[in-house]
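One predicted model, sequence on top.
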Amino acid sequence: MKALVVNAEWRPKKNYTISEEELLKKRAIIGSQVWKNTTFEIKDIPTPNPNSDEILIKVKSCGICGSDTHLYETDEEGYIIFSGLTKLPCIIGHEFSGIVEKAGSNVREFKKGDKVAVESIMWCGRCQSCRSGFPNQCKYIELMGLSADGAFAEYVTVSEKYCWKINDLVNVYQEEDTFDIGALIEPVGCAYNGIFIVGGGFNPGATIVVYGAGPIGLGAITLSKIAGASRIIAFDVIDERVKIARDAGADFAFNINKLDGHAPGDKVMEITRGWGADVQVEAAGAAPKTIPEMERSMAINGKIIYLGRAATSTSMHLDILVSGANKIIGARGHSGHGIFPSIIRLITTGKLRLEKMITARYAFNKIMEAIKASSARKDGKILIKM
């Protein structure tokens, strides 16, 4: 089968302390501190055979995630931008859907021909975090497409515990379109987890602000709209994404660089008549620029939900958390808590429409063009059709 394999040099930065486990496994906890000079190559490799608890999936649609873009982009020294768990070489790609081609002998819930969407957080199910109900914080976590082989390939094997049937999506979409929508469940699940599971949700009528109108930010907008937000305000720095945010359901959407000298926080306070935002989602990965604006425009009992990933830090006046009974919450992943089946039900009943998130589709043999296009950050979701 054909697959996109990414490789790089293992060359830890001088100021980065490598742990014994990282050295032993050649797996970096903070990839941007270790992996240098990446290469991307479509290779012919053997089609994998599923183990007894796995299913072999024929991949149909796979989205390009910001983390994939951050493997392609490098800093001035040639190191990848992605700051999370990484082990190379690796078949990348983790936002995908497909058809079950073969099921292992112990698989119970899936059969050949089932349409499936797949979690990319590969949790063990046995450590204390998993058994305590926090699979996204699994002690032995692997990230599909980043530290374990992923789905920019014709076939992939996955444990059945990470898979969910999407057969019923044909009640809403044409057959081929079901796979495109199925590939969006993973990134939308990250927004769902941040807002409703880790973040605790919000009361209908709340004002929601989203910084960053990429796929996770767009997921936050669409979910907040159907959950009863009275106003959704979105910010980005690219005009194309500002328009996509409006199309996805934002009531107000602005290019931060075109506010006529006003700051985003000022615009939020103006729209809310001085009350501020009840929930603010950081999906831009630009904390030094966004957090100061968020903290000055928080409503009483407001929340900041940090979903953007970047190896950075920023200052914050903590008194605002005390005096306003406010919170800042970090969230990762989309596993557990009924997230995938909840999103699937919302789609199959027509409540959640995600197709406006998709702005480009590429054939697999054009994948490098697609990844290059993703670095311009003008699209919502770019899909690779396998």
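Nice, I can see it.

what about residue 376, neighbour count?
Number of residues near residue 376 (other Cβ atoms under 10 Å) recorded here: 10. C-beta: built from backbone N, CA, C; applies to glycine.

Flag every buried residue along stretch 337-346.
337, 339-340, 343-344, 346 (16 or more other Cβ atoms under 10 Å).

what's the distance between the closest residue in space to residue 259 that isn't next to it in sequence and residue 237?
Sequence neighbours aside, residue 267 is the residue nearest to residue 259 in space, at 6.2 Å (criterion: Cβ to Cβ, 6 or more residues apart in numbering). Distance, residue 267 to residue 237, using Cβ to Cβ, to the nearest Å: 14 Å.

Likewise for residue 281?
16 Å.

In three-state terms, label residue 56 for me.
Under DSSP: H, G, I helix; E, B strand; the rest coil, residue 56 falls in the strand class.

what bridges to it?
Under the criterion DSSP bridges, residue 56 forms beta bridges with residue 102, residue 157.

pretty sure it is touching residue 99, no?
No: counting by Cβ atoms under 8 Å, residue 56 sits too far from residue 99 to count as a contact (9.8 Å).

low-confidence ranges in the stretch 201-350 of the chain?
For the stretch 201-350 of the chain, the stretches with pLDDT under 70 are 311.

actually the stretch 51-200 of the chain, not the one I wrote
Using pLDDT under 70, the stretch 51-200 of the chain has no residue that qualifies.

For it, which segments count as strands?
54-63, 90-91, 95-103, 115-118, 121-122, 142-143, 155-159, 163-165 (DSSP state E, counting those that start in this stretch).

To residue 364, which of those strands lies closest?
Of all the strands of the stretch 51-200 of the chain, strand 54-63 sits nearest to residue 364, with 8.7 Å by Cβ to Cβ.

Only C-alpha atoms, please: export the closest one in PDB.
Output in PDB follows, covering the C-alpha atoms of strand 54-63 (Å, rounded to 0.1, in the frame of the first residue of the first chain):
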ATOM      1  CA  GLU A  54      -7.900  -4.700  15.800                       C
ATOM      2  CA  ILE A  55      -9.800  -3.900  12.600                       C
ATOM      3  CA  LEU A  56      -8.200  -3.100   9.200                       C
ATOM      4  CA  ILE A  57      -9.700   0.100   7.800                       C
ATOM      5  CA  LYS A  58      -9.600   1.200   4.200                       C
ATOM      6  CA  VAL A  59      -9.100   4.900   4.700                       C
ATOM      7  CA  LYS A  60     -11.500   7.100   2.700                       C
ATOM      8  CA  SER A  61     -11.100  10.700   4.000                       C
ATOM      9  CA  CYS A  62      -8.400  12.100   6.300                       C
ATOM     10  CA  GLY A  63      -8.100  15.700   7.400                       C
END
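
Regarding this protein, what is its longest helix?
For the chain, the helix that runs over the most residues, judged by DSSP state H, is helix 215-226.

Could you check the angle the helix or strand just after that helix makes with helix 215-226?
Per DSSP states H and E, the first helix or strand lying C-terminal to helix 215-226 is strand 231-236. Relative orientation of strand 231-236 versus helix 215-226 (axes from the mean of the first three to the mean of the last three Cα atoms, to 10 degrees): 170 degrees.

contacting residues around whatever helix or strand comes next after strand 231-236?
Using DSSP H and E, the helix or strand that follows strand 231-236 in sequence is helix 239-248. Identification of contacts with helix 239-248 by Cβ atoms under 8 Å, 6 or more residues apart in numbering yields 210, 213-214, 217-218, 221-222, 234, 236, 253-255, 356-357, 359, 377-380.

Taking these, please make a ChimeraX selection of just the buried ones.
Those of the contacts of helix 239-248 that count as buried under 16+ other Cβ under 10 Å are selected in ChimeraX with:
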select :210,213,214,217,218,221,222,234,236,253,254,357,359,377,378,379,380
